[in-house]
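1. Following is a predicted model, sequence given first.
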Amino acid sequence: MKQRILFTVIMSFFLSSLMTLWVTYINLGSTPNFLQLWGHAFLLAWPAAAVISFFTAPLAQTITKKVLP
């Protein structure tokens, strides 16, 4: 269980930071307050991504095992 929780925290951190960075840049471009806006988006996205990842990872693993016998 510890490994699953730590994996979820790390993976959701990377995914949330990169996705919010990309989407914020696409929507706003390079603005003077870009880092502040991106940081706000990241802080909102990371907890949601962590919870979603924690509960959907087992399903993703099951699907992967079925696709790759």
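-> Thanks, I have the structure now.

2. Only C-alpha atoms from now on, for both contacts and neighbour counts.
-> OK.

3. what about the longest helix seen in the chain, distance to the chain center?
-> Counting by DSSP state H, the longest helix found in the chain is helix 34-67. The chain centroid and the centroid of helix 34-67 are separated by 4 Å under C-alpha atoms, centre = their mean, to the nearest Å.

4. Same question for stretch 24-31.
-> That offset, for stretch 24-31, works out to 19 Å (C-alpha atoms, centre = their mean).

5. With stretch 19-29 instead?
-> With C-alpha atoms, centre = their mean, you get 14 Å for stretch 19-29.

6. What residues of that stretch count as buried?
-> Buried residues in stretch 19-29, counted by 16 or more other C-alpha atoms under 10 Å: M19, T20, L21, T24, Y25.

7. Among the residues you listed, name the ones in helices.
-> Using DSSP H, the buried residues of stretch 19-29 in helices are M19, T20, L21, T24, Y25.

8. quick one, what contacts the first one?
-> This points to M19. Listed by C-alpha atoms under 8 Å, 6 or more residues apart in numbering, the contact set of M19 is empty.

9. try it again with 10 Å
-> F13, Y25, W38, A41, F42, A45 (C-alpha atoms under 10 Å, 6 or more residues apart in numbering).

10. Which two of those residues have the greatest separation?
-> F13 and Y25 (18.0 Å; C-alpha to C-alpha).

11. Which one of the ones in helices among the buried residues of stretch 19-29 is nearest to V67?
-> Of all those, V67 sits closest to M19, with 26.0 Å by C-alpha to C-alpha.

12. Tell me who's in contact with F42.
-> Counted by C-alpha under 10 Å, 6+ apart, F42 has contacts F13, L15, S16, S17, L18, M19, T20, L21, T24, Q36, A49.

13. swap the cut-off to 8 Å and go again
-> S16, S17, T20, L21.

14. rewinding a little: okay, the buried residues of stretch 19-29 in TSV with pLDDT next?
-> As requested, the buried residues of stretch 19-29 are arranged in TSV below (pLDDT from 0 to 100):
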residue	pLDDT
M19	97
T20	97
L21	97
T24	97
Y25	97
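
15. nearest to F55, of those?
-> Nearest member of those to F55, counting by C-alpha to C-alpha, is M19, at 19.5 Å.
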